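J.: Return atomic coordinates for the entry below.
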Amino acid sequence: MQHHIRRPARVRRSVLVAVVLVVAAALGGCSDPPRKVSGLLDTTRRVPATSRLATRPHMVGHCHAESGRVRDTSRRGSEKRTWYTTRTTTVCTKVRQGTETYRRVIRRERWCVMLDDVGGKRSRDHLWYRVARNTYTDARLRESGSRMTIEPEHDGC
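T.: Coordinates of the predicted model:
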């Protein structure tokens, strides 16, 4: 009788595991393929990186020797021998020692391209797209008004 009572719980558990695996597989396969946008090249813009000087704690490794008494034993048959030795170990910790100055990046460098007639629609003009550096370089070499297909990293600039 107990076997009969446990079976539905086992079946429910295996069904739950199967559902979880199916959902995980479905979500794992939902990564969007790279989106491509085409239109007429209008202009390009490079937004430089912004940084400023900031300070943070300067951490230095501080090491010191520590010694401790250790008990050693050995057995030979029924005979047991015990002796004590002193072992020395090195213990290292990070200790604050003043401050250090570093350059903190507030905004990373961005490369942007403006397209007209996006998707062949004249109503969609002057749309900015943030692109990779090599796409920006390619757009700088082209003439304004030439057709261009890009893979934007982000909409807007």
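J.: Contact partners for residue 65?
T.: Residues in contact with residue 65 (CB atoms under 8 Å, 6 or more residues apart in numbering) are 88, 89, 90, 91. Bear in mind the C-beta positions are built from the backbone N, C-alpha and C, glycine included.
J.: okay, these in TSV with secondary structure and neighbour count next?
T.: Output for those, formatted as TSV (DSSP: H, G, I helix; E, B strand; the rest coil; neighbours: other CB atoms under 10 Å):
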residue	secondary structure	neighbour count
88	strand	8
89	strand	8
90	strand	8
91	strand	9
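J.: Can you lay out those as a markdown table showing distance to residue 39 and pLDDT?
T.: Listed next are those as a markdown table, based on distance: CB to CB, whole Å; pLDDT from 0 to 100:
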| residue | distance to residue 39 | pLDDT |
| --- | --- | --- |
| 88 | 72 | 94 |
| 89 | 67 | 93 |
| 90 | 64 | 95 |
| 91 | 64 | 94 |
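J.: Just put the residues you listed in JSON lines and tack on distance to residue 40.
T.: Converted to JSON lines, those look like this (distance: CB to CB, whole Å):
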{"residue": "88", "distance to residue 40": "75"}
{"residue": "89", "distance to residue 40": "71"}
{"residue": "90", "distance to residue 40": "68"}
{"residue": "91", "distance to residue 40": "67"}
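J.: Just flag the most distant two among those.
T.: 88 and 91 (10.4 Å; CB to CB).
J.: Give me the common contacts of these two.
T.: Contacts common to residue 88 and residue 91, judged by CB under 8 Å, 6+ apart, are 65, 66.
J.: quick one: low-confidence parts of the protein?
T.: 1-33 (pLDDT under 70).
J.: mind running it again at 80?
T.: 1-34 (pLDDT under 80).
J.: which residues in it form helices?
T.: With helices called from DSSP state H, the chain shows them at 2-28, 133-141.
J.: so who does the nearest residue to residue 59 once chain neighbours are set aside touch?
T.: With CB to CB, 6 or more residues apart in numbering as the criterion, residue 59 has its nearest non-adjacent residue at 4.4 Å, and that residue is residue 94. Applying CB under 8 Å, 6+ apart, we find residue 94 in contact with 59, 60, 61, 62.
J.: now residue 47
T.: Listed by CB under 8 Å, 6+ apart, the contact partners of residue 47 are 107, 109, 110, 111, 112, 157.
J.: Please consider this matter closed, and thank you.
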